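1. Starting from these lines, generate the structure:
(chains A and B)
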Number of protein chains: 2
Amino acid sequence: MQRLIVDMDGVLADAHAQFLAFDERDTKRRKTLAETLDKSELEISPRSNEHILLPGFFRDAPVIGNSPEVLERLNRQYDLYIVSAATEYPTSLVEKIAWLAEHFPFITWHQIVFCGSKKIVRGDIMIDDHFKNLDYFEGRTLLFTQPHNHSANPKHHQRVHSWDEIARLLL
Amino acid sequence: MQRLIVDMDGVLADAHAQFLAFDERDTKRRKTLAETLDKSELEISPRSNEHILLPGFFRDAPVIGNSPEVLERLNRQYDLYIVSAATEYPTSLVEKIAWLAEHFPFITWHQIVFCGSKKIVRGDIMIDDHFKNLDYFEGRTLLFTQPHNHSANPKHHQRVHSWDEIARLLL
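-> From the prediction side, this is the model:
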């Protein structure tokens, strides 16, 4: 059984939507998608470093697309792990576990990994929205499209735009 | 630089001492070392499953031996990661981060990994007190002696009894 490593923020959890929502609370204006393309969180919102620390930022994040349905099917065919670079934000850890339990109840604690660097992760396939994670992975790598990586050259990674596309590729 | 994977409970943090201390609160008697050799936590204390969930169980654990001094030196010579199977106990995660910050302040969040299964960890050397973790590791494996593994055949793993011994082997 192949080991599949799936990221949380920007792949399962819509962290981008949370950054926009928290920015809108400050500025009273919702930024458009065009204003956010190819920009880091800090470029989009100068207070994003504070927002990410607020209670509920991770707990209330919307789910991306039909990831629950697709991941439940993948979970039957792959040795699945959810790997999130989260130890920078200790208070996020409990929120992330509660969020997974709500939206992905088929994921057990055995399958959850919180780390700082993903360099130490071993597997066959990785789905992630950040090059800093994919670049060090020795297996097959899928770059999940997010506004921050919209125009980036995917390099040797395979770009995927949706969970439907992942389903077609991996199921 | 070689990647060194170090466990927390039973290698850095004296979880065994915590189990004995919490058991003593219930039973009003401190179990002797002889009473605990080669026994699981649940065999030592039938309420250990409850104790591990109590606030402070991980936060107040004693440090094992001179692990802070040895690990600080190892941290300069190795690509060091602290990997703890902890996602079964969500509330332990923040306690473990605070505990590391207090006793091992040179460890950054980049170097901390909380997981369920350690099968996904990639590295060159692993120090752990449990066969379930060492057996799946593809690199060099050091079995750290703890009461629960006292008489176990170390199999293909190398048994180490103290942080001084680890220092002699790895520094």
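2. mind listing the strands for chain A?
-> A:3-6, A:79-85, A:112-115, A:125-128, A:140-144, A:158-160 (DSSP state E).
3. The fourth one near chain B at all?
-> No: contact between strand A:125-128 and chain B, assessed by CB under 8 Å from any CB of the partner chain, is absent, since the two come no nearer than 10.9 Å. For the C-beta atoms, the positions are set from N, CA and C on the backbone; glycine is no exception.
4. Likewise for the third one?
-> Yes: with CB under 8 Å from any CB as the measure, strand A:112-115 is seen reaching chain B through A:112-115.
5. Residues contacting that strand, please?
-> A:81-87, A:93, A:96-97, A:100, A:121, B:87, B:93, B:112-116, B:120 (CB atoms under 8 Å, 6 or more residues apart in numbering or on different chains).
6. how about a cut-off of 7 Å?
-> For strand A:112-115, contacts defined as CB atoms under 7 Å, 6 or more residues apart in numbering or on different chains pick out A:81-87, A:93, A:97, A:100, B:87, B:113-116, B:120.
7. can you dump the C-alpha coordinates of stretch A:47-61 into CSV?
-> In CSV, the C-alpha atoms belonging to stretch A:47-61 read as follows (Å, rounded to 0.1, in the frame of the first residue of the first chain):
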residue,chain,number,x,y,z
ARG,A,47,-1.4,41.7,10.3
SER,A,48,-1.6,38.1,9.1
ASN,A,49,1.1,37.2,11.7
GLU,A,50,-1.2,38.3,14.4
HIS,A,51,-4.4,36.8,12.9
ILE,A,52,-2.9,33.3,12.7
LEU,A,53,-2.5,33.4,16.5
LEU,A,54,-6.1,34.3,17.2
PRO,A,55,-8.5,31.7,18.7
GLY,A,56,-10.6,30.1,15.9
PHE,A,57,-8.3,30.9,13.0
PHE,A,58,-7.6,27.2,12.4
ARG,A,59,-10.7,25.8,14.2
ASP,A,60,-13.2,27.7,12.0
ALA,A,61,-11.4,27.4,8.6
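8. how far is that stretch from where the chain is centred?
-> 15 Å (CA atoms, centre = their mean, to the nearest Å).
9. which residues sit against it?
-> So stretch A:47-61 is contacted by A:13-15, A:18-19, A:22, A:26, A:41-42, A:45, A:89, A:92, A:95-96, A:98-99 (CB under 7 Å, 6+ apart).
10. For these, work out which two are farthest apart.
-> A:42 and A:98 (26.5 Å; CB to CB).
11. give me the number of residues near the spatially closest residue to residue A:39 that is not a sequence neighbour?
-> Once flanking residues are discounted, residue A:39 sits nearest to residue A:148: 6.4 Å by CB to CB, 6 or more residues apart in numbering or on different chains. Residues contacting residue A:148 under the criterion other CB atoms under 10 Å in any protein chain shown number 20.
12. Kindly report the same for residue A:12.
-> As a burial measure, residue A:12 scores 26 neighbours (other CB under 10 Å).
13. How confident was the prediction at it?
-> Note for residue A:12: predicted pLDDT of 98.
14. And for the one 4 residues further on?
-> The per-residue pLDDT reported for residue A:16 equals 96.
15. now swap in residue A:149 and tell me
-> pLDDT recorded at residue A:149 is 98.
16. close enough to count as contact, it and residue A:129?
-> Yes: between residue A:149 and residue A:129 a contact is recorded at 5.9 Å, counting by CB atoms under 7 Å.
17. List the residues that are in contact with both of the two.
-> residue A:143.
18. Quick check: residues of chain A near chain B?
-> By CB under 7 Å from any CB of the partner chain, the residues of chain A that approach chain B are A:3, A:81, A:87-88, A:90-91, A:93-94, A:97, A:109-117, A:120-123.
19. Tell me the spacing between residue A:154 and chain B.
-> Plainly put, residue A:154 is 24 Å away from chain B if you go by CB to the nearest CB, to the nearest Å.
20. residues in contact with the closest residue to that residue other than its chain neighbours?
-> In space, and not counting its chain neighbours, residue A:154 is closest to residue A:143: 4.9 Å by CB to CB, 6+ apart. Counting by CB under 7 Å, 6+ apart, residue A:143 touches A:129, A:134, A:149, A:154, A:157-160.
21. which of the residues you listed lies closest to residue B:64?
-> Proximity of these to residue B:64 (CB to CB) peaks at residue A:134, which lies at 36.6 Å.
22. ok, that closest one - contacts?
-> A:126, A:128, A:141, A:143, A:157.
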